[in-house]
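> what follows is a predicted protein model with its sequence.
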Amino acid sequence: MKSHYRQRCEKRNPEELQFYWKGKAYDDPFDFQDRLQRLYKAGMEEFLGEDITYIDNKEIERMFRDYDLDMLEKHVKETFKKLKFFQQNDFAFLEVHNEKLFYQNFEILLEVVNMIQDIRFTSSQDNQFLGDLFEGFLDQGIKQSEGQFFTPLPIVRFIINSLPELEKPKVIDYACGAGHFLNEYANINRESKIVGIEKEYRLSKVAKVSSFMYGHDIEILYNDALVEHSSIENGTFDLLISNPPYSVKGFLETLSPEDREKFELIKTIDEKSYLSNNAIETFFIERAKQLVKVGGLASIIVPSSILNKGSSNIVSGKKNIYVA
């Protein structure tokens with residue numbers, strides 16, 4: 001997810017890309033990694049709203065220039081505290097705890113940079129490298145749990161291409177995951193206003209970076225879709241596309257009494273069964289009804305068992321129905 005510092009570099013420094021290794025005659029390992037850290041901090045703050053601890057050389061110079069000895073001692077101690085306790089090496093492929101290991105790690109870092117520094121990440125065209133990057137991240141870093149299901153790309157494209165053409169629609173995916181539905185829809189309708197909601201923190205960040213790298217202006221909110229959000233107004237969306245979670249036991253316990261009461265479905269559920277109830281997909285369907293405007297469209301993947309809720313029929317949870 002750190003590749004967004006390269007795009008920032010392209011936009012802010014068109015004549016000299018700070019991401020590049022300039023060669024031994026013009027660069028050294030310490031200056032090079034310092035530039036990467038500075039770009040990483042700026043990119044994380046600008047695109048993901050995350051504060052990264054980074055001590056710039058200019059900040060150290062300012063301390064010696066502007067402070068008397070007592071104040072200098074105080075600020076130097078504060079700086080070392082940040083370095084000791086608030087910072088990790090974001091570019092460490094090895095566990096670095098001495099100078100020899102620093103240089104070994106630098107050689108690996110340099111090989112990685114040389115492999116990717118000439119790849120253009122931001123593009124309106126499909127980028128196979130980008131797709132492989134995110135699929136690898138999702139497969140290795142984020143497991144399917146709590147009813148999450150990462151929709152295969154052929155299914156995503158089938159659903160997107162089955163939708164009617166809409167002029168400048170307002171679109172939402174209220175369980176957007178890594179943002180596949182949203183990015184695919186943005187590819188076919190660049191005049192749409194698109195919003196994604198994702199409850200899982202890491203996935204919300206992946207969705208943000210993914211939309212940026214594909215060149216899409218998509219708003220991603222880190223939030224529970226079953227809880228109202230100040231920037232999400234009911235009855236305003238032309239289109240809802242999503243593969244929401246299903247069969248999440250105890251999900252009602254995570255909602256406040258006020259949030260539960262906003263659903264008509266809650267009237268059909270005994271309070272004693274809140275902890276055991278797992279029919280989260282039914283609440284997502286009602287939430288879709290709340291969000292979509294009159295005459296709008298909801299295209300949602302739901303488990304086939306939703307047709308048998310309350311019956312004695314047993315339906316495999318692995319089977320899904322694609323409803324539009």
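Cool, the structure landed. Numbering: from 1, shown residues only.
> in this protein, where's the longest strand?
Counting by DSSP state E, the longest strand found in the chain is strand 292-303.
> what residue ranges in the stretch 151-300 of the chain score low on pLDDT?
For the stretch 151-300 of the chain, no stretch has pLDDT under 70.
> what helices or strands is the longest strand of the chain leaning on?
Applying 3 or more CB pairs under 8 Å, 6 or more residues apart in numbering; DSSP states H and E, one finds that strand 292-303 contacts helix 153-162, strand 237-242, helix 280-291, strand 320-323. (C-beta placed from N, C-alpha, C; glycine too.)
> list the buried residues of the longest one.
Of all the residues in helix 280-291, those buried under the rule 16 or more other CB atoms under 10 Å are 280-285, 287-288, 291.
> now swap in stretch 30-50 and tell me
In terms of neighbour count (16+ other CB under 10 Å), stretch 30-50 has its buried residues at 32-33, 35-44, 47-48.
> that one - what's its average pLDDT?
In this model, stretch 30-50 has a mean pLDDT of 81.
> then stretch 56-66?
Stretch 56-66 comes out with an average pLDDT of 78.
> centre of the chain to it, how far?
Centre-to-centre, stretch 56-66 and its host chain are 35 Å apart (CA atoms, centre = their mean, to the nearest Å).
> quickly find the element holding the residue nearest to the spatial centre of the chain.
Geometric centre of the chain, nearest residue: residue 205, 2.3 Å, by CA atoms, centre = their mean. Following DSSP states H and E, the helix or strand that holds residue 205 is helix 201-213.
> before we move on, what about residue 172?
Per DSSP H and E, residue 172 falls inside strand 170-173.
> burial count for residue 180?
Using other CB atoms under 10 Å, residue 180 is surrounded by 25 other residues.
> now it. Nearest residue, chain neighbours left out?
residue 156 (4.9 Å; CB to CB, 6 or more residues apart in numbering).
> let me know whether the one you found touches residue 187 as I believe.
No: in this structure, residue 156 is not within contact of residue 187 by CB atoms under 8 Å, at 10.7 Å.
> neighbour count for these two, which is higher?
residue 156 (20 against 16).
> the stretch 101-250 of the chain: helices as residue ranges?
128-141, 153-162, 180-188, 201-213 (DSSP state H, counting those that start in this stretch).
> residue contacts, residue 251?
Residues in contact with residue 251 (CB atoms under 8 Å, 6 or more residues apart in numbering) are 226, 277-278, 280, 283.
> swap that for residue 165, please
Contacts for residue 165 (CB under 8 Å, 6+ apart) come out as residue 189.
> how close does the residue nearest to residue 180 get to residue 57?
With distances taken as CB to CB, to the nearest Å, residue 156 is found 46 Å from residue 57.
> let me see the ranges of the strands in the stretch 51-200 of the chain.
For the stretch 51-200 of the chain, strands defined by DSSP state E, counting those that start in this stretch occupy the ranges 170-173, 193-198.
> tell me where the model's unsure across the stretch 1-150 of the chain.
For the stretch 1-150 of the chain (pLDDT under 70), the answer is 1-16, 82-89, 120-149.
> how about 80 then?
Applying pLDDT under 80 to the stretch 1-150 of the chain flags residues 1-21, 47-61, 63-64, 67-70, 72-73, 75, 77-99, 116-150.
> ok so, going back, just the closest of the contacts of residue 251 to residue 75, please.
Residue 75 lies nearest to residue 226 out of the contacts of residue 251, by CB to CB, at 46.5 Å.
> dihedrals phi and psi, that closest one?
When read as degrees, to the nearest 10, the backbone of residue 226 gives phi -80, psi 0.
> count of neighbours near it?
Close neighbours of residue 226, defined as other CB under 10 Å, add up to 23.
> does it really touch residue 255, like I thought?
Yes: if you go by CB under 8 Å, residue 226 and residue 255 touch, sitting 6.1 Å apart.
> check the gap between the closest residue in space to residue 45 that isn't next to it in sequence and residue 207 for me.
Counting by CB to CB, 6+ apart, residue 45 lies nearest to residue 51, which is 6.5 Å off, once chain neighbours are set aside. For residue 51, the distance to residue 207 (CB to CB) stands at 20 Å.
> now do residue 233
Distance, residue 233 to residue 207, using CB to CB: 21 Å.
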